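> Prediction below, plus the sequence it came from.
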Amino acid sequence: MSDRHRIELRWRGRNGRTGRTEIVRAESDESILDAAERADVGLPFGCRTGACATCTGRLLTGKIEHLRPPRGLKNDSKEDGYVLLCIARAKSDCEIEVGSDVQTDLVTNPWK
Amino acid sequence: MSDIESPESGAHEHHEHHHDVEGPGYATPQAAIEQADREKISYVPSLYVGTDVDAPDFLSVVDVDPDSTTYCEVIDTVEMPNKGDELHHFGWNACSSSCHVEGLERRHLVVPGQRSSRLHIVDTKNRESPEIVDVIEPEEVYEYDLSAPHTVHCIPDGEILVSMLGDKDGDLPGGFLELNDDFEIEGRWDPPGEIGMNYDFWYQPRHNVMVSSEWAAPKTYYPGFDLEDVEKGNYGHEINIWDWTNRTVEQTIDLGEEGLIPLEVRFLHSPEAAHGYVGAALSSNMFHFYEREKEWFAEKVINVEPREHEDWDMPVPGLITDLLVSMDDRYLFFSNWLHGDVRMYDVSDPKNPRLADQLWAGGLFGPRHPTGEDDREVIAGPQMLQLSIDGERLYWTTSLFSTWDNQFYPEEAERGSVMLKADVNPRKGTMTLDEDFLVDFGEMPNGPARAHEIRWPDGDCTSDVWQ
Ligand code: FES
């Protein structure tokens, strides 16, 4: 088994256009955020400790593990496949939806 | 060429306008009103965190001098060394509370990152083009089991106090971090365990008191606002009254249902005054707090009624997000970020505020193009306020917090914030929107930015405390 995994990062398209895609290689001991940074691919982030949820992505295929409890995510968000990329390590090849819109999914306007 | 671009423009003369005191600031609030020059530039934290603009947050230097050719423009930016900070509130290394300290200058800004817990020290010796001179990294902050820095106040003798909203993991409780005059962490100011939650604070030395308020755990508010968290009691509704010298909480006042999410705390400026205000954002009530026979009380004095909106299922609260008191202690101003209005109250009798004037710009109920149909539209409502020291010009920006902005005003991420201004007539108690003033943070080199708190180089109505 290889130590490196192929991570496909997918942004949502805007205004009817398809979003961009980037492929990065993640070592089995680094976070997906670190792997993306190493490849010069910018992803949103804030605390880097799993509390703020700025780095939220959504796992479409593959397996990840969180290095510590993902405090910034509620339980149902975790069940819906949301992951915190600053503390997520790939356990297999993955496809992950990324970008600031993913984080916006987590909490909607409560008055609307 | 405008004089603001010239380093010899008289910027440094500002420091010499109070000949009778040795240190920074002004001897009294009245001295500030009489001696302060008109504000010519302002500093405004500007943000990309949480958007798809892959660049660090920055501090904007905004030209607010109407005689300058670059009036209403961002004339310089100080880019942070890292991405992901979420710059939010910031403050001076020194204010009038240290005006007896010889050799100390009001010259350095402490600019924290709310999400990163990183603290940046910015030297404004060259006012038009400040620079970062020091950075305290998050790991150094986490060592004190604190995170999420919020309000920065200089405290007497050149020290700096920063309210911290979380522990190192973004859980409760927070506390206070103290920096020395070399911008090194001195330690934790408060004995751990004094408070459950933290947010803003203001101290009044002659009454030996500090009042602090409550938002929530960073991990609660960082991802966005969720009514479920309110139901679970994850948001604050208390204020803490501290013994300033002993650093202990003497009294905790529960504001109850009417006081949900008490955010900004402002004392009257007079060092003799034992009166102040705290705005409960979610309940949209203004509380007056005061001391009587060594006991502190808080009473609701203003209520902003929720309003129906055709696109919303529930009545929308005003959401009081910022307030300030004019330097002469005569007026209280506050913003309703969701409704879209700024209010001005006469508080000559602090217990009985009287509505003097109100104006609308953006928000859910205000005009989208308040400065003219051809001008860019205002997404979001009035948020952080700043008033000129003479009380005649009120400025504000429109961003609250990146994730909350995205929830309530998603277009702001694509269009950026604006900074607006009203001309205030303190004699008549009126405000008029200045239709010639609009700073567009949508037009920044790396993409549209959010704009937050506003500070003047020589102190302002939310910085200064008198000993
Ligand atoms: S960066 Fe804050 S949770 Fe990942």
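Sure, I can see it.
> contacting residues around residue B:417?
If you count contacts by Cβ atoms under 8 Å, 6 or more residues apart in numbering or on different chains, residue B:417 has them with B:379, B:380, B:397, B:398, B:399, B:441, B:442, B:449, B:450, B:451. All C-beta atoms are positioned from the backbone trio N, CA, C, and that covers glycine.
> Contacts only, for the second one.
Neighbour list for residue B:380: B:337, B:362, B:363, B:398, B:399, B:400, B:405, B:408, B:409, B:412, B:417 [criterion: Cβ under 8 Å, 6+ apart].
> do the same with the last one
By Cβ under 8 Å, 6+ apart, residue B:451 lies in contact with B:44-47, B:60, B:397-399, B:416-419, B:439, B:441.
> Same list, those, but as CSV with pLDDT please.
Formatted as CSV, the contacts of residue B:451 follow (pLDDT from 0 to 100):
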residue, pLDDT
B:44, 98
B:45, 98
B:46, 98
B:47, 98
B:60, 98
B:397, 98
B:398, 98
B:399, 98
B:416, 97
B:417, 98
B:418, 98
B:419, 98
B:439, 98
B:441, 98
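> what about the one residue sitting closest to the centre of chain A, which SS state?
The structure's chain A has its C-alpha centroid closest to residue A:57; by Cα atoms, centre = their mean the separation is 2.9 Å. Three-state call for residue A:57 (DSSP: H, G, I helix; E, B strand; the rest coil): strand.
> can you list the weak-confidence ranges in the chain?
By default, I'm working from chain A. Along chain A, segments meeting pLDDT under 70 span A:1-2.
> switch to chain B, that's the one I care about
Filtered on pLDDT under 70, chain B yields the residue ranges B:1-22.
> try 90
Residue ranges of chain B with pLDDT under 90: B:1-25, B:50, B:52, B:95-104, B:156-158, B:458.
> circling back: of the contacts of residue B:380, buried ones?
Buried by 16 or more other Cβ atoms under 10 Å in any protein chain shown: B:337, B:362, B:363, B:398, B:399, B:400, B:405, B:408, B:409, B:412, B:417, out of the contacts of residue B:380.
> and those, which of them are in helices?
Using DSSP state H, the subset of the buried ones among the contacts of residue B:380 located in helices is B:405, B:408, B:412.
> separation between the second one and the ligand?
Noted for residue B:408: a distance of 21 Å to the ligand, by Cβ to the nearest ligand atom, to the nearest Å.
> Can you tell me, leaving aside adjacent residues, what's nearest to that residue?
Excluding the flanking residues, the one nearest residue B:408 by Cβ to Cβ, 6 or more residues apart in numbering or on different chains is residue A:109, at 6.1 Å.
> same deal with the first one?
Of all residues not flanking residue B:405 in the chain, residue B:412 sits nearest, at 4.9 Å (Cβ to Cβ, 6+ apart).
> pretty sure that neighbour is touching residue B:398, no?
Yes: if you go by Cβ atoms under 8 Å, residue B:412 and residue B:398 touch, sitting 7.0 Å apart.
> Could you tell me which residues touch both of those two?
With Cβ under 8 Å, 6+ apart as the test, residue B:412 and residue B:398 both reach B:379, B:380.
> picking up where we left off before, could you export the ones in helices among the buried ones among the contacts of residue B:380 as JSON lines, including distance to residue B:87?
Shown next, in JSON lines, are those (distance: Cβ to Cβ, whole Å):
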{"residue": "B:405", "distance to residue B:87": "14"}
{"residue": "B:408", "distance to residue B:87": "20"}
{"residue": "B:412", "distance to residue B:87": "16"}
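> May I have the residues that are in contact with the residue nearest to residue B:405?
Residues in contact with residue B:412, defined by Cβ under 8 Å, 6+ apart, are B:379, B:380, B:398, B:399, B:405, B:406, B:450.
> List phi and psi for the residue of the stretch 151-300 of chain B found nearest the ligand.
Of all residues in the stretch 151-300 of chain B, residue B:222 sits closest to the ligand, at 7.3 Å by Cβ to the nearest ligand atom. Per-residue torsions, residue B:222: phi -60, psi -50 (degrees, to the nearest 10).
> Would you mind measuring from the residue nearest to it when sequence neighbours are not counted to the ligand?
Nearest non-adjacent residue to residue B:222, counting by Cβ to Cβ, 6+ apart: residue A:52, 3.9 Å away. Per Cβ to the nearest ligand atom, residue A:52 is found 3 Å from the ligand.
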